[in-house]
Every structure is written in C-alpha cells, then in structure tokens.
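Trainee: sequence first, then the predicted structure, then my questions.
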Amino acid sequence: MAAARPRGNIVAWLLLAVLVAAPLVLTQEVDTSGTFPKPYATSTPKTFADFSSEFTVFWGPEHISTTPDGQMLDLTLTNISGAGFNSKRTFIYGRINMNLKLIGGDSSGTVTTYYLTSFGDHHDELDFEFLGNQTGEPYILQTNVFANGKGEREQRIFLWFDPSSDFHSYSVLWNKKQIVFMVDGVPIRVFKNNEALGVPYLNKQPMGVYSSLWNGDSWATQGGLIKVNWTLAPFVATFQNYNYDACEWLTNTTVPACADPAAVNWWDAESYSELSQVQANELRKVQQYYMVYDYCTDSERFPVQPVECASNL
Ligand SMILES: *[C@@H]1O[C@H](CO)[C@@H](O)[C@H](O)[C@H]1NC(C)=O
Ligand SMILES: *[C@@H]1O[C@H](CO)[C@@H](O)[C@H](O)[C@H]1NC(C)=O
Ligand SMILES: *[C@@H]1O[C@H](CO)[C@@H](O)[C@H](O)[C@H]1NC(C)=O
Ligand SMILES: *[C@@H]1O[C@H](CO)[C@@H](O)[C@H](O)[C@H]1NC(C)=O
C-alpha cells in the first residue's frame, strides 16, 4: 500500500513518455488568486521537534533526521534503504498540508511520496507521488485516488516551478462533497462525491498522513528507462510546515459529526463544496498546459471511460 503504481506495461509507459514530451510548456503563468477563503490557511504548523507525539517511523529510522529546531525533516535514500514516516493521528474531512523540497540535480528513479491512506480490504487513499528526473528535466507529480480499495485513477502533471529549488505547499481539502488536490493553493485535481453515479466516495473511514522516499527506478523516470545514479547518493527530500485543520478520529468520533457544517467544521460550508469560478479556471489551465497523463483519456486502458470522469472537471 506504500504507493500506488500504474499497472500498464513498460512499453505503454515508454510510448507515453515520448508522447508527453511534446506539449511541455513550463512557462505558462498560473494564477494563484483563487485559493480557498479563510480559515483555509490558519492552522498552526506542527514542527518535528516533538516527533513522537505526532509521528511514527514505518521504514528506515536511520534515514530520517530532523533539524535541531524541529522545523524540517529529511528523508534519505541510499542503495541500502529509503525511509518513511506517518502521522499517529487519523482524520476524516478537513485540510491537510505538507511543504516539500525535493531532491535536486539528478533525481532519476527516485519517488518521493506524500499521501493519506486508511487500512484494510476497502482502503481509501489519496496520493501525491513525485517522480524524479535527470538534471534539468521536469519532475512528474502523479496523483491517484483509491476509494473502497480501488485505485487506477492516475493523473500526471508537470509543475510550473522547479520543486527541488524551494519548498512548495501540497495539500488536500476533503469534505463530503469533494476532494481537492492543491499545489501552492492551486487546484490540480478534483474528485467529487459521485455516489449518485455508483462511484464509491471516501466518506466511511479516517486516513492517516504518510511520506516516504524510495527507489522506483523500474517505472518512475521516463517509463523506467532512466535508473538511479547511485554515485550521487545520498538523496535527500525535505519536509516542512506539516499542518492540518481537520476532524481527528477519536474513539468517540462519528462521520456525521465531522460532516456537520458547524463553525468548527468550516470545510463543510457551502463555499468549500465546489470550486469557485476562479479556481475552476485555474484547474482548467493546469489540465490544459501541465497535464501529461490522465486515466480518463486512456482508452487503451479503459475502453469505456470511468463514470466519474465526466463530472470531475
Ligand atoms: C552502496 O554504495 C556504497 C557507496 O557508494 C558502496 O560502497 C556499496 O558497495 C553499495 N552497495 C550495494 C549493495 O550496492
Ligand atoms: C523527465 O524528462 C523527460 C524529458 O523531458 C520527460 O519526457 C519525462 O516526462 C520527465 N519526467 C519523468 C518522471 O520521466
Ligand atoms: C552518475 O553521476 C556521476 C557523478 O556525477 C557521473 O560522473 C556519471 O556520468 C553519472 N552517470 C550517469 C549514467 O548519468
Ligand atoms: C470525545 O472524546 C474527547 C476526548 O477523548 C473529548 O474531548 C470530546 O469532548 C468527546 N466528544 C464527544 C462528542 O463526546
């Protein structure tokens, strides 16, 4: 469950890598004026200072370190191991944010992940996966959505900045109506509640927050063609500004209580139930200029378009 991989064969992904090289327009401006209204950005960032009160390590403890002030956390990948950590708390609905600064230079074959997931046979999952690349070539940000145990909803975009030169914010707004993936507050993907169309929605169980750094060179960079250059190890990805304003799942929590549009559950207010016009325009721009793969338009994989596609624009 650590991270979702597209299932297609290598040839298909190679072909895709060739096809997607063409529409790359990294200079397009992205308007960031459509960020969600407050209290979207008001929660206090957690530091990593008291790591064990908020997080636990699930892989590679010797490859995780924090700065003395607790502001930053590094995950390190070598030929021996990568690493991963996760939140102790779990949530249902709200907003969850992490700022990431990715591996610079030649990051080929590396995969940095930040995702929410639940457990069990019917697990839900929301993925941000950053696929490294050769020096000067663009990272791909792959997102995926699992609902009731089923994923296969990959989308891939290039970013409008170099994600290794500075920290950028990656967050999820999650309520009973929609899930919005955001980069620096710009919506890059929406997954709406389409239960009316028979599509399962993520509204039955809480999810925890996970991050990891691992070797994905069998598939990640240019379809698996470009491998990790181990002479450049250790590879380091840095995390900062973890914060959430979300309904924490305690023994007495119920889903309806987290979906009740009371003042504390601001994410259930009408203004968060769908994108504003400005936000919808931003999303369209991302889809138009930065999207390099969309499961919704992959007719080889899905001769019949998945039902949610038509309404997730
Ligand atoms: C890992 O890298 C180190 C340093 O470059 C090298 O000495 C070692 O042989 C490598 N180990 C493996 C299993 O490749
Ligand atoms: C890496 O760069 C190549 C060439 O620009 C591009 O086709 C590919 O999509 C980029 N990203 C990844 C993860 O392969
Ligand atoms: C790996 O990195 C080393 C050190 O920068 C460089 O000399 C070598 O050409 C690189 N190998 C590949 C395959 O890019
Ligand atoms: C749930 O439990 C927490 C402490 O574990 C308590 O602070 C909170 O008031 C309880 N909520 C309800 C609705 O009972």
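Mentor: Sure, I can see it. Numbering: from 1, shown residues only. Ligands and ions are numbered 1, 2, ... in the order given.
Trainee: all strands of the stretch 151-300 of the chain, in order?
Mentor: In the stretch 151-300 of the chain, the strands defined using DSSP state E, counting those that start in this stretch lie at 155-157, 168-174, 178-183, 186-192, 207-215, 235-248, 291-294.
Trainee: of all those, which one is nearest ligand 2?
Mentor: Counting by C-beta to the nearest ligand atom, ligand 2 lies closest to strand 291-294 out of the strands of the stretch 151-300 of the chain; the figure is 6.1 Å. Quick note: C-beta positions are derived from backbone N, CA and C, even for glycine.
Trainee: quick one: buried residues of that closest one?
Mentor: Buried residues in strand 291-294, defined by neighbour count with 16 or more other C-beta atoms under 10 Å: Met291, Val292, Tyr293.
Trainee: buried stuff in the helix or strand where Leu100 lies?
Mentor: Using DSSP states H and E, the element containing Leu100 is strand 83-101. Under the neighbour-count criterion of 16+ other C-beta under 10 Å, strand 83-101 has 83-87, 89-101 buried.
Trainee: lowest average confidence, helix or strand, in this protein?
Mentor: Sorting the helices and strands of the chain by mean pLDDT, DSSP states H and E puts helix 10-21 at the bottom, at a mean of 41.
Trainee: after that one, which helix or strand is next? Please name it.
Mentor: Of the helices and strands lying after helix 10-21 in sequence (DSSP H and E), the nearest is helix 51-54.
Trainee: mean confidence (pLDDT) on that next one, please.
Mentor: Mean per-residue pLDDT for helix 51-54: 90.
Trainee: what residues does the closest residue to Cys258 other than its chain neighbours make contact with?
Mentor: Of all residues not flanking Cys258 in the chain, Cys247 sits nearest, at 3.4 Å (C-beta to C-beta, 6 or more residues apart in numbering). The contact partners of Cys247, by C-beta atoms under 8 Å, 6 or more residues apart in numbering, come to Phe91, Ile92, Tyr93, Gly94, Thr253, Ala257, Cys258, Asn265.
Trainee: what's the burial count for the residue in the chain that ligand 3 sits nearest to?
Mentor: Relative to ligand 3, the nearest point of the chain is Asn229 (3.7 Å; C-beta to the nearest ligand atom). Residues near Asn229, counting by other C-beta atoms under 10 Å, number 16.
Trainee: from Glu248, how far out is the residue lying closest to it once chain neighbours are set aside?
Mentor: Nearest residue to Asn229, sequence neighbours excluded (C-beta to C-beta, 6+ apart): Asp106, at 5.5 Å. Per C-beta to C-beta, to the nearest Å, Asp106 is found 40 Å from Glu248.
Trainee: those two: who's more crowded?
Mentor: Counting neighbours by other C-beta under 10 Å for Asp106 and for Glu248 shows that Asp106 has the greater number, 20 against 14.
Trainee: give me the beta-bridge partners of Pro187?
Mentor: Met182 (DSSP bridges).
Trainee: for Ser211, same thing?
Mentor: Phe85, Tyr114.
Trainee: just for the stretch 201-313 of the chain, where's the confidence low?
Mentor: Low-confidence segments of the stretch 201-313 of the chain (pLDDT under 70): 313.
Trainee: let's see 90
Mentor: Applying pLDDT under 90 to the stretch 201-313 of the chain flags the ranges 260-266, 269-271, 311-313.
Trainee: need the residues of it near ligand 3, please.
Mentor: By C-beta under 6 Å from any ligand atom, the residues of the stretch 201-313 of the chain that approach ligand 3 are Asn229, Thr231, Leu232.
Trainee: does the first one touch Ser108 like I think?
Mentor: Read it as Asn229. Yes: counting by C-beta atoms under 8 Å, Ser108 is a contact partner of Asn229 at 6.4 Å.
Trainee: one step back: Glu137: which of the buried residues of strand 291-294 is nearest?
Mentor: For those, the residue nearest Glu137 by C-beta to C-beta is Val292; the value is 12.4 Å.
Trainee: so that closest one is in contact with Leu141, correct?
Mentor: No: applying C-beta under 8 Å as the test, Val292 and Leu141 come out as separate, 9.7 Å apart.
Trainee: residues shared between the contacts of these two?
Mentor: Arg156, Ile157, Phe158.
Trainee: now tabulate these in CSV and tack on distance to ligand 3 and pLDDT.
Mentor: Converted to CSV, those look like this (distance: C-beta to the nearest ligand atom, whole Å; pLDDT from 0 to 100):
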residue, distance to ligand 3, pLDDT
Arg156, 23, 98
Ile157, 25, 98
Phe158, 22, 97
